[in-house]
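1. Prediction below, plus the sequence it came from.
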Amino acid sequence: MSLAFRGVSCAPLELIDAVAPDGAIIGIIGENGAGKSRLLRVAAGLDSPSAGFVKASGDVRLLGPSDPLNLAPAPVLLIDRTFAHQDLLARERAAVALDRIRRAGVTTLLVSHDEDLIRRLCDEVWWIHEGKLAQRGDPEEVLAAYRKHVAERVRAWGESLNPPLAPKVRRGDGRAEILRVETIGDSGKPTMVWRSGERAVVKVAVRFHEAVADPVVGIMIRTRIGLNVYGTNTELEQLKLGPCAAGSTLELAFAFWCELCPQEYTLTVASHDPDGVWHDWLEDAVAFSVSDTRYTAGVSNLRAQVSLLSKS
C-alpha cells in the first residue's frame, strides 16, 4: 500500500519525487511554511498539483492538527501534527496503534516537530526545505542534518539582534559606569547566540566618573534559574587596570571557549574595588543562548569520547 510522489509541484512544493513503501512510517520535518502540510493535502487529493502526480495504492485518510487520533486501519494514513494536541496517555496509545497498523502494511506519513516522536516511530525521515526535498533517509542522519541547519539559522538570527543593557538590578557608588556589554562570536560579530564549543568573547566598556586607584572588572555567567556557571575578573586573571583618572574609559575583552550545553544564560558584569566595593554592578545585564547540533544534558559540555573496552 505504497504512496508515490512523481515530480509533484504545488506551491511551495517543487518537483517532489519520493516513494513511501508499504508498511513504512515516514517522518516529515521542516520549518513552518516549507510545504509539509501541502505535501499531505496533495497526497489526500485536497490540493491538485500544478505538475506531476501522486499515486496511492488504496484509500487515503488525512488527520489534521485538531482532529481526533483515529488510527483505524487505512491503506494510507496522513498525520499532520495531530499528536501535538494529545495528552501523554493518548500519545502512548497512538504510538502502540501505529506500530500495529504498520505491521498490517499501512503506509503512514507523519508531520511533527517532535524529534523524540519522529525518532521513536519512523522508519525514514523526509526533510522538506523551502518546498524541496532537502534530504531523506535514516532518521538519525536526517535529524542531525536538520538540527545543524536550525543551529545555523538560530546563530544567524542571533547576529541580527542588538539588545540594550537590561539588568535586573543595578547598584554601586557611581564612581564608574558600565557603558556596553557585547557577546561576540568567532565570526567577530556581536551575537545573542553562541555555538557550543566556539571561541566566544565578552566585550565590556567602562567609563570612570571619578579617579579609581585599582579598579577590577569581572563577569559572571548564570543559567536562567540563577545557577553560577563561570565567573572571573581582571584581578584573578592578573590584569592590572589602574590607576584610572576621572573621564577615562576602558574597553576589555574576556575570551574563552564556550563549552556550554544548549540553553539560555545571563551575563552579570561589574566594576569594583579589590575589596569588593561596587562602582557599578549590573545583575543579569544581558541574556544569551547557546545552540548545538546535538542534545547534551546539564550545563557544561565536556564533549566526552566513549569507547568500548570489552564485551563478553
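-> Alright, I've got the coordinates.

2. where along the stretch 101-250 of the chain do the strands fall?
-> Taking DSSP state E, counting those that start in this stretch, the strands of the stretch 101-250 of the chain run over residues 107-111, 124-129, 132-137, 169-171, 176-184, 193-195, 199-208, 216-223, 228-233, 249-257.

3. mean confidence for the third one?
-> Here strand 132-137 scores 96 as its mean pLDDT.

4. how does the chain divide into domains?
-> Domain assignment for the chain, taken from automatic domain parsing, gives 3-137, 169-291.

5. With mean neighbour count as added columns, please give those domains in JSON lines.
-> For glycine as for every other residue, the C-beta is placed from the backbone atoms N, C-alpha and C. Output for the domains of the chain, formatted as JSON lines (neighbours: other C-beta atoms under 10 Å):
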{"stretch": "domain 3-137", "mean neighbour count": "17"}
{"stretch": "domain 169-291", "mean neighbour count": "17"}
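
6. can you put these in a markdown table and add distance to V299?
-> A markdown table is the format used below for these (distance: least, C-beta to C-beta, whole Å):
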| stretch | distance to V299 |
| --- | --- |
| domain 3-137 | 21 |
| domain 169-291 | 6 |
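
7. quick revisit: nearest to G52 among the strands of the stretch 101-250 of the chain would be which one?
-> strand 132-137 (12.4 Å; C-beta to C-beta).

8. I'd like to know which elements the closest one is packed against.
-> Contacts defined by 3 or more C-beta pairs under 8 Å, 6 or more residues apart in numbering; DSSP states H and E place strand 132-137 against strand 13-20, strand 124-129, helix 139-159.

9. Serialize the ones you listed to CSV and add fields for distance to G174.
-> Supplementary listing: the helices and strands packed on strand 132-137 in CSV, determined by distance: least, C-beta to C-beta, whole Å:
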stretch, distance to G174
strand 13-20, 61
strand 124-129, 53
helix 139-159, 32
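
10. Confidence-wise, which of those is weakest overall?
-> helix 139-159 (a mean of 88).

11. C-alpha coordinates for that helix, PDB please?
-> Taking Å, rounded to 0.1, in the frame of the first residue of the first chain, the C-alpha atoms of helix 139-159 are listed here in PDB:
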ATOM      1  CA  PRO A 139      16.000   9.200  10.900                       C
ATOM      2  CA  GLU A 140      19.200   9.900  13.000                       C
ATOM      3  CA  GLU A 141      21.100  11.100  10.000                       C
ATOM      4  CA  VAL A 142      18.400  13.400   8.700                       C
ATOM      5  CA  LEU A 143      17.500  14.700  12.100                       C
ATOM      6  CA  ALA A 144      21.200  15.500  12.700                       C
ATOM      7  CA  ALA A 145      21.400  17.400   9.400                       C
ATOM      8  CA  TYR A 146      18.200  19.300  10.200                       C
ATOM      9  CA  ARG A 147      19.500  20.200  13.700                       C
ATOM     10  CA  LYS A 148      22.700  21.600  12.200                       C
ATOM     11  CA  HIS A 149      20.600  23.700   9.800                       C
ATOM     12  CA  VAL A 150      18.400  25.000  12.600                       C
ATOM     13  CA  ALA A 151      21.500  25.800  14.700                       C
ATOM     14  CA  GLU A 152      23.000  27.800  11.800                       C
ATOM     15  CA  ARG A 153      19.700  29.700  11.300                       C
ATOM     16  CA  VAL A 154      19.500  30.500  15.100                       C
ATOM     17  CA  ARG A 155      23.100  31.700  15.000                       C
ATOM     18  CA  ALA A 156      22.300  34.000  12.000                       C
ATOM     19  CA  TRP A 157      19.200  35.300  13.800                       C
ATOM     20  CA  GLY A 158      21.300  36.000  16.900                       C
ATOM     21  CA  GLU A 159      23.800  38.100  14.900                       C
END
